[in-house]
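J.: Any chance you could fold what I've pasted below:
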Amino acid sequence: MHTHPYLRAFLAGIFVPTLILPLMLTAFILVRLVLAAPFPLERGLIFPMAVVPALWGLWNMLHLGSHARTHLSLGVHGAILPFLLLPAGALLAHALGLLRLGSSSVTWFQAIHVPYGLIAACFAVALAAYYLVWKHIVGFLNRVLGIE
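T.: Below is the predicted model:
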């Protein structure tokens, strides 16, 4: 099966976020409706639900096309993606008025204050999670689809 390797790479890349993002949306909607959170959490999830799976697929296609030159492992390649997603997401959220940057914290929805230290710690955890997911799950799918 050596036809359309980039299509297979795209499909392997979108697998994980396509499964996880609807679960996250369900959890956020439950927080909003059941716990009556006073801010619109779902407004911050609609755009990522549309864009993140496509970015993961394109990122896997990029790995397929550039691996011969870069020789990066799939896990390291996947761990680079949050360095693009975090600034892009923060910029978009700021432009839409969902995020305000302060001197010591970030304010989401004009209600949730998150200190920069917590954001840095969460980002480090996200890097580790991305590395492991890309190495094990996306790598497994790439092997099953015959593109790695």
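
J.: where in the protein is pLDDT low?
T.: 1-2, 38-44 (pLDDT under 70).

J.: any idea which helix is longest in it?
T.: Ordering each helix of the chain by length in residues (DSSP state H) puts helix 5-33 first.

J.: in that one, what counts as buried?
T.: Residues of helix 5-33 classed as buried by neighbour count (16 or more other Cβ atoms under 10 Å): 5, 8-18, 21, 25, 28, 32. Every residue, glycine included, has its C-beta placed from N, CA and C.

J.: How much space separates the residue nearest to residue 72 when sequence neighbours are not counted from residue 91?
T.: Of all residues not flanking residue 72 in the chain, residue 63 sits nearest, at 7.4 Å (Cβ to Cβ, 6 or more residues apart in numbering). Remark: distance between residue 63 and residue 91 (Cβ to Cβ, to the nearest Å) = 24 Å.

J.: So for the two, which residue has more residues nearby?
T.: Counted by other Cβ atoms under 10 Å, residue 63 and residue 91 do not tie: residue 63 has more neighbours, with 25 against 11.

J.: Remind me which helix or strand that one belongs to.
T.: helix 46-70 (DSSP states H and E).
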